[in-house]
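> Predicted model and sequence follow; I will ask about them next.
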Amino acid sequence: MKKFIIATGIVAVALAGVALADGPTYVGAQKCKMCHKVQYNSWMETHHAKATEIAKKGAEGRPYDASCLKCHATNADENLPGVQCEACHGPGSAYKKMSVMRDLEKAKANGLKDVTQATCDGCHTGDDHSHKVVFAEKVNDKAALHEFKNEELAKKMMGQ
Ligand code: HEC
Ligand code: HEC
Ligand code: HEC
Ligand code: HEC
């Protein structure tokens, strides 16, 4: 009996791996806006919302090209301009439904990610151009992050 349980465990892990391989896709910030207007409107005021626009102007000694989009757009896709919601929260096609979103565990199982220092490090790599940021210091920085409806959550993040 024990052996059987272990075997099903392995199958479940293998299946999860398959689901991940062609997993959730990006839906764009307009979809999130429908239910998260507060976050959307304040996100629009952040540097992140304008990241593609800024890159297109080019930086000193670095003319714009597609390689900039890796950090200056969502999922390196010009059609998803700016560092949008899903660049931090994970691609939303599977979690954006109300029935899933209402249940945090379900949302996480469907691609909603915790935002951590590692999220920022993906783009704020610490080289000459993309300076390192300390996540815990930026939680209340309006140039970086949207406003939080849930103050408790913001506090928890800062203590992380
Ligand atoms: C149909 C409405 C709806 C859509 C569309 C939607 N959400 Fe949500 N979302 C909710 C509800 C409801 C909650 C749970 C209660 C709350 O925080 O308001 C939630 C919670 C969240 C949370 C908080 C989870 C936590 O830690 O408690 C995040 C982050 C989030 N949504 C991100 C997104 C992103 C990104 C998108 C777009 C890809 C999106 N949502 C689309 C309704 C929606
Ligand atoms: C590895 C990720 C990454 C890549 C690739 C990248 N950037 Fe950036 N860029 C950043 C980050 C992060 C910032 C935020 C500014 C900071 O760290 O001080 C930034 C800031 C900027 C700024 C505003 C500040 C400034 O330096 O004037 C411009 C303009 C810019 N980038 C242009 C570009 C262009 C053009 C390219 C492509 C040739 C590019 N970036 C490629 C991450 C990147
Ligand atoms: C997909 C790439 C990406 C991710 C993920 C990302 N950023 Fe950024 N961030 C950028 C780019 C590009 C800019 C520059 C945009 C501009 O100047 O218009 C920027 C700008 C900023 C700025 C304003 C410029 C500065 O250096 O003061 C802050 C602060 C910031 N990001 C913090 C964060 C934090 C905190 C996280 C993690 C929670 C994060 N970022 C995640 C790409 C990213
Ligand atoms: C640069 C990263 C970043 C981007 C971009 C971003 N968020 Fe967030 N978001 C966070 C962080 C950090 C938190 C707080 C901790 C957490 O929930 O993981 C948060 C929390 C949330 C929450 C739940 C908590 C609350 O009280 O508000 C929602 C809902 C949310 N974000 C929606 C969005 C939507 C919608 C967008 C796009 C319009 C967006 N986020 C863009 C980093 C980001």
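Cool, got the structure. Ligands and ions are numbered 1, 2, ... in the order given.

> and residue 80, helix, strand or coil?
strand (DSSP: H, G, I helix; E, B strand; the rest coil).

> Run through the residues that contact it.
Applying C-beta atoms under 8 Å, 6 or more residues apart in numbering, we find residue 80 in contact with 26, 28, 73, 74, 86. For every residue, glycine as well, the C-beta is placed using N, CA and C.

> between the residues you listed, which has the most around it?
residue 86 (26 neighbours; other C-beta atoms under 10 Å).

> Surely that one touches residue 74?
Yes: between residue 86 and residue 74 there is a contact under C-beta atoms under 8 Å: 5.8 Å.

> Mind listing the shared neighbours of those two?
With C-beta under 8 Å, 6+ apart, residue 86 and residue 74 have common neighbours 26, 28, 80.

> can you narrow these to ones near ligand 3?
Applying C-beta under 6 Å from any ligand atom to the shared contacts of residue 86 and residue 74, one finds that nothing falls near ligand 3.

> just those now: which is nearest residue 100?
Among the shared contacts of residue 86 and residue 74, residue 26 lies closest to residue 100 (C-beta to C-beta), at 16.3 Å.

> so how far is residue 62 from the closest one?
26 Å (C-beta to C-beta, to the nearest Å).

> same question, residue 27
Counting by C-beta to C-beta, the gap from residue 27 to residue 62 is 31 Å.

> Then residue 69?
13 Å.

> higher neighbour count, the two?
residue 69 (20 against 11).

> any idea how far ligand 4 is from the more buried one?
Between residue 69 and ligand 4 the distance is 15 Å, computed by C-beta to the nearest ligand atom, to the nearest Å.

> Just the ones in strands from the contacts of residue 80, please.
73, 74 (DSSP state E).

> Just put the contacts of residue 80 in CSV and tack on distance to residue 126 and pLDDT.
Formatted as CSV, these follow (distance: C-beta to C-beta, whole Å; pLDDT from 0 to 100):
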residue, distance to residue 126, pLDDT
26, 26, 98
28, 29, 98
73, 20, 98
74, 21, 98
86, 23, 98
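
> Which of the contacts of residue 80 sits closest to ligand 1?
residue 86 (5.4 Å; C-beta to the nearest ligand atom).

> tell me the contacts of the most centrally placed residue in the chain?
Closest to where the C-alpha atoms of the chain average out (C-alpha atoms, centre = their mean) is residue 88, at 1.6 Å. By C-beta under 8 Å, 6+ apart, the residues touching residue 88 are 113, 115, 119.
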